[in-house]
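Chemist: sequence first, predicted model second:
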Amino acid sequence: MKAQALSGRLTIVTAESVFQPHTFAEDVATGLAGSPKSLPCQYLYDEIGSHIFEEICDLPEYYLTRSEREILSDQAGEIARGFPNGAVLVELGSGSSIKTRFLIEAFLAEHGSLHYDPIDISSAMLKKSSLELLEEYETLEIHAVAGEYQDGLEKLRSEEEGDKLVLFLGSTIGNFEREDAARFLSGLAKKFAPGDRLLIGADLRKDSKTIEAAYNDDAGTTARFNLNLLARINRELGGNFDLSRFRHCARYLDLEGRVEIHIESLCAQTVRVELLDRSFDFARGELIHTENSHKFSIAEISAIIDLCGMRIIEQWVDSRELFSLTMAAPKRGR
Ligand code: AVJ
């Protein structure tokens with residue numbers, strides 16, 4: 001298919017958050033000077049990080065993607081039939097859009113054509129996956145937004161285009177602190193028209209062995225994903241991190257229901273970051289916090305949906321009961 005035929009069905013707009021090259025430098029400076037040290041997890045997903053994350057999704061230990069895919073492939077037809085007038089599919093954090101294909105195909109089968117609006121921080125990934133989708137599905141139209149979720153949502157198409165089905169898959173919600181998750185979903189619910197729906201994937205609480213294995217895989221892919229953050233500081237900010245002097249660690253806190261991911265300094269060392277014109281001291285065993293991944297019980301999911309002004313329409317789990325998918329509507333909705 002010609003590039004023209006593809007690009008006629010594709011618009012990519014860039015939200016404010018992407019036009020701020022200084023924020024990475026500032027956030028690194030603040031995070032590494034802090035005590036305890038930390039780095040915001042959204043910086044894990046540069047082009048290289050996004051690709052390593054795709055590898056994580058295929059790992060034998062990383063059950064999340066397969067479980068969610070099982071639910072989506074089983075339920076996509078039913079979900080599409082739940083929107084008799086069709087819907088605009090909006091996806092928060094689309095990545096490579098692989099799982100979304102089940103829904104795209106179901107909506108196309110049911111309604112013939114479809115508008116798909118992915119929002120993702122990685123504009124390279126957005127462009128690549130959008131072009132792949134357009135090549136495959138001739139009646140698909142894509143309005144992609146490069147940016148963070150919050151300002152990405154401001155750039156969506158208007159209500160007149162139809163009911164929206166907002167996808168928030170992969171347990172990305174687990175990256176938020178629980179209070180921030182509630183705040184985010186409340187904000188989303190406030191923007192919802194009566195016919196709009198949220199389809200949210202959330203990883204379930206379970207035995208710590210299964211969870212810890214998913215974040216400490218044998219192939220070391222998750223370690224590579226995590227340490228890429230230091231490599232990114234080297235690449236973009238002229239850092240001199242020696243990656244062999246750091247290691248990945250992830251542990252599950254059962255009570256809190258979350259995996260805490262850190263990078264540990266294996267020795268006492270000083271790291272220079274040229275563009276910041278600063279050095280950072282690390283003690284042996286000192287940790288940089290890089291990510292949290294929260295897990296939820298079914299009761300916790302119900303409570304958060306209710307708290308955020310929504311009601312559950314349907315809820316599914318996979319055959320091994322590891323992962324959940326929840327369809328919610330605004331309380332005042334149809
Ligand atoms: C993309 C946030 C859902 O928490 O499982 C996977 C990120 N980090 N392995 C997760 C992640 C390390 C992932 N989320």
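Modeler: Arrived safely, thanks for sending.
Chemist: so stretch 120-127, near the ligand or not?
Modeler: No. Using Cβ under 6 Å from any ligand atom, stretch 120-127 stays clear of the ligand, with a minimum separation of 11.6 Å. (C-beta placed from N, C-alpha, C; glycine too.)
Chemist: right, I mislabeled it, should have said stretch 150-170
Modeler: Yes. Remark: stretch 150-170 sits within contact range of the ligand at G170, by Cβ under 6 Å from any ligand atom.
Chemist: okay, buried residues for that stretch please.
Modeler: Under the neighbour-count criterion of 16 or more other Cβ atoms under 10 Å, stretch 150-170 has 152-153, 155-156, 162-170 buried.
Chemist: of those, which is the nearest to the ligand?
Modeler: Using Cβ to the nearest ligand atom, G170 comes nearest to the ligand of those, at 4.7 Å.
Chemist: which element is the closest one on?
Modeler: According to DSSP states H and E, G170 maps onto no helix or strand at all.
Chemist: excluding its backbone neighbours, what's nearest it?
Modeler: G201 (5.6 Å; Cβ to Cβ, 6 or more residues apart in numbering).
Chemist: ok, that neighbour touching S324?
Modeler: Yes. Taking Cβ atoms under 8 Å as the definition, G201 is a contact partner of S324 at 7.1 Å.
Chemist: residues contacting the residue in the stretch 151-300 of the chain that the ligand sits nearest to?
Modeler: Closest approach between the stretch 151-300 of the chain and the ligand, counting by Cβ to the nearest ligand atom: S293, at 3.1 Å. By Cβ atoms under 8 Å, 6 or more residues apart in numbering, the contact list for S293 reads S171, G174, N175, D203, Y215, R258, V259, I261.
Chemist: same check on G309?
Modeler: Contact partners of G309, counting by Cβ under 8 Å, 6+ apart, are S186, A189, K190, P330, K331.
Chemist: tell me the spacing between the fourth one and the ligand.
Modeler: Shown here: P330 relative to the ligand, a distance of 25 Å by Cβ to the nearest ligand atom, to the nearest Å.
Chemist: who are the neighbours in contact with that residue?
Modeler: Contact analysis of P330 by Cβ under 8 Å, 6+ apart lists A189, F192, A193, P194, D196, G309, M310, R311.
Chemist: what do you get for the second one?
Modeler: When the contact criterion is Cβ under 8 Å, 6+ apart, the partners of A189 are L198, C308, G309, M310, P330.
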